[in-house]
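**Q** got a predicted model here, sequence first, then my questions.
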Amino acid sequence: MKIDVVVLAAGQGSRMKSDLPKVLHPIAGKPMLAHVLDSARSVKADALHVVVGHGSDLVKNHFSHCSDITWAMQAEQKGTGHAVKMTLGNLSASGVTLILYGDVPLIQASTLQALIERVSDDQMALLTVTMADPSGYGRIVRDEILRVTSIIEQKDASAAQLKINEVNTGIMAVPSEKLHQWLPLLSSDNAQGEYYLTDVIAMAVEDDVSVATLHPEFAQETYGVNNRAQQAELERWHQARLVNELMVQGVTVLDPARLDIRGSVRVGRDVVIDANVILQGEVVLGDGVHIEANCIIKNSAIAAGTRVKAFSHLEDADVAEACDIGPYARLRPGAVLQDGAKVGNFCEVKKSVIGAGSKVNHLSYIGDATIGKNVNIGAGTITCNYDGVNKFKTEIKDGAFIGSNTSLVAPVIVGADATVAAGSTITKEVEDAKLAVARGKQVNLKWQRPSKA
């Protein structure tokens, strides 16, 4: 059975008060539309059709890497039925068409799969929820034996129908052959003057196609985002579920309400994460890793036994076992720490290898450098790697000792077991086991400090 998925993403989202199309606003660091598409792909959809309108170029550009999307344009917003009609020319003649919404981001793949499985040649499926306050939603109208007969929109409902608390989520799965028959018959003769997709329910009943209903596991799966408050509400619900999944895997999360996951996280045993931590992109935390408070870890792998102290930022970093990072350390893209390396407080490492057992303890910048094993980098050391146009490499070999407040002007090499005296500016190679002193001679002069009159 062929599965077509239609995602409606043409709305302007005026209540978001933003120049960004609504479906590009993020939940857990990913555009809402991307969440919907991921769920659609999880049910092994044969074709993805996305209907765009407002900000269509921005939406298409954002997903330009997705070759599996067929785009449809809804130049005028004339309702959901009209939007789906824009895809008719590309929809399969048979099979199932699943209709989703780009601003309903957290629908689960398992819910969609269950909905699809209820569809046959003479049955469609509709996702509904029961709400204590159904205001604003289309009501599910049933007959005396509880068969669905129609969906009545709020503005078209009678007083009796407004008391119905089972409502339409808009998400449905329809036999594609029937959808081709029904969509051209939709009328805009209603209070909104729009073509309602929900009118296909009455058409199904008239054609003796039964309407099966399904409730999702969580009502939040069906919640749409129309404003910033609703976006924040769904963000918190989604984050709570993601954090709970980590805790089920054995992670100690010291304050579950203050951990944000904006990507995917793989964890080992006995991982501890403190408050106000953000995990972005692809993150791997090995056995016994401890992340202290207020850290940001992005697209980084941290091996077993490493401790990342408070207020540290890691991005595209590769950290080996038993390393010590921070507090207030920054590992920029290309930073590689080998076993037992230490990068201390207020240090920055960029595109550099810090060898096993080496220490960059205080207030230092290491960029475009290769540092060997058991090297000591004194406080205030910098690699002068940039001349305003090009970047140059610094190499510090095993066992070297770099004194505090040293400037290493790249390209330069410091040999194995060499020592650089504090306050030096190194511009030439330092040979193995040599002491380099490169600083101005101290002169003490007779001096009268000026004083105010």
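**A** Everything's here; your move.
**Q** distance of the nearest residue to G102 once chain neighbours are set aside from I152?
**A** Among residues not flanking G102 along the chain, A9 sits closest, at 3.2 Å (C-beta to C-beta, 6 or more residues apart in numbering). (Glycine included, C-beta is placed from N, CA and C.) Distance, A9 to I152, using C-beta to C-beta, to the nearest Å: 26 Å.
**Q** of these two, who's got more company?
**A** More crowded of A9 and I152, by other C-beta atoms under 10 Å: A9, with 31 against 22.
**Q** could you pull up the contacting residues of the closest residue to G415 other than its chain neighbours?
**A** Take G415 and drop its neighbours on the chain: the residue closest to it by C-beta to C-beta, 6+ apart is D432, 3.7 Å away. Contact analysis of D432 by C-beta atoms under 8 Å, 6 or more residues apart in numbering lists 397, 415-418.
**Q** give me the buried subset of those.
**A** Listed as buried from those are 397, 415, 418; burial here means 16 or more other C-beta atoms under 10 Å.
**Q** how much space separates the last one from G380?
**A** So the one you mean is A418. 19 Å.
**Q** pull the longest helix from this structure.
**A** Ranked by residue count, the top helix of the chain under DSSP state H comes out as helix 228-248.
**Q** and for it, what are the contacting residues?
**A** So helix 228-248 is contacted by 16-17, 25, 27-28, 105-106, 220, 223-225, 253, 256-257, 259-261, 265, 267, 273 (C-beta under 8 Å, 6+ apart).
**Q** only the buried subset of those, as a ChimeraX command please.
**A** In ChimeraX, this line selects whichever of those come out buried by 16+ other C-beta under 10 Å:
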select :16,25,27,28,105,106,220,223,224,225,253,259,260,261,265,267,273
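**Q** tell me where the stretch 151-300 of the chain has helices.
**A** Ranges of helices within the stretch 151-300 of the chain are 176-182, 199-206, 228-248, based on DSSP state H, counting those that start in this stretch.
**Q** spell out the secondary structure type for D38.
**A** Assigned with DSSP: H, G, I helix; E, B strand; the rest coil, D38 falls in the helix class.
**Q** and it, how close does it get to S135?
**A** Relative to S135, D38 is positioned 31 Å away (C-beta to C-beta).
**Q** the two - which one has more neighbours?
**A** Set D38 next to S135 and count neighbours by other C-beta under 10 Å: D38 wins out with 12 against 8.
**Q** what comes into contact with the helix or strand where V129 lies?
**A** According to DSSP states H and E, V129 maps onto strand 123-130. Strand 123-130 has contacts (C-beta under 8 Å, 6+ apart) with 111, 115-116, 118-119, 140, 148, 165-175, 178, 200-201, 204, 209-216, 219, 222.
**Q** stretch 40-52 now?
**A** Defining contact as C-beta under 8 Å, 6+ apart, one finds that stretch 40-52 is touched by 2-10, 33, 37, 59-60, 63, 66, 68-74, 83-84, 86-87, 90-92, 95, 98, 100, 102, 109, 112-113, 116.
**Q** now stretch 373-393: average pLDDT?
**A** Across stretch 373-393, pLDDT averages out at 97.
**Q** of all the residues in that stretch, which ones are buried?
**A** Within stretch 373-393, judged by 16+ other C-beta under 10 Å, the buried ones are 373-385, 392-393.
**Q** next up, phi/psi of the residue nearest to G415, please.
**A** The phi/psi pair for D432 (degrees, to the nearest 10) reads phi -50, psi 140.
**Q** how does the protein divide into domains?
**A** Following the assignment in automatic domain parsing, the chain carries domains at 3-222, 228-436.
**Q** would you single out the least confident of these?
**A** Among the domains of the chain, domain 3-222 has the lowest mean pLDDT, at a mean of 95.
**Q** follow-up on the earlier one: from the buried residues of stretch 373-393, which land in helices?
**A** The helices, defined by DSSP H, take in nothing from the buried residues of stretch 373-393.
**Q** re the thing from before, the residue nearest to G415 and K397, how far apart?
**A** Remark: distance between D432 and K397 (C-beta to C-beta) = 7 Å.
**Q** which residues do the two both contact?
**A** By C-beta under 8 Å, 6+ apart, the residues touching both D432 and K397 are 415-418.
**Q** which of the residues you listed sits closest to T306?
**A** For the shared contacts of D432 and K397, the minimum distance to T306 (C-beta to C-beta) is 26.4 Å, reached by A416.
**Q** surely the closest one and K434 touch.
**A** No - using C-beta atoms under 8 Å, A416 makes no contact with K434, being 10.2 Å away.
**Q** so can I have TSV of the domains of the chain showing distance to P450?
**A** Converted to TSV, those look like this (distance: least, C-beta to C-beta, whole Å):
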stretch	distance to P450
domain 3-222	58
domain 228-436	27
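**Q** ok, which of the ones you listed comes nearest L445?
**A** Closest among those, using C-beta to C-beta: domain 228-436, at 19.2 Å.
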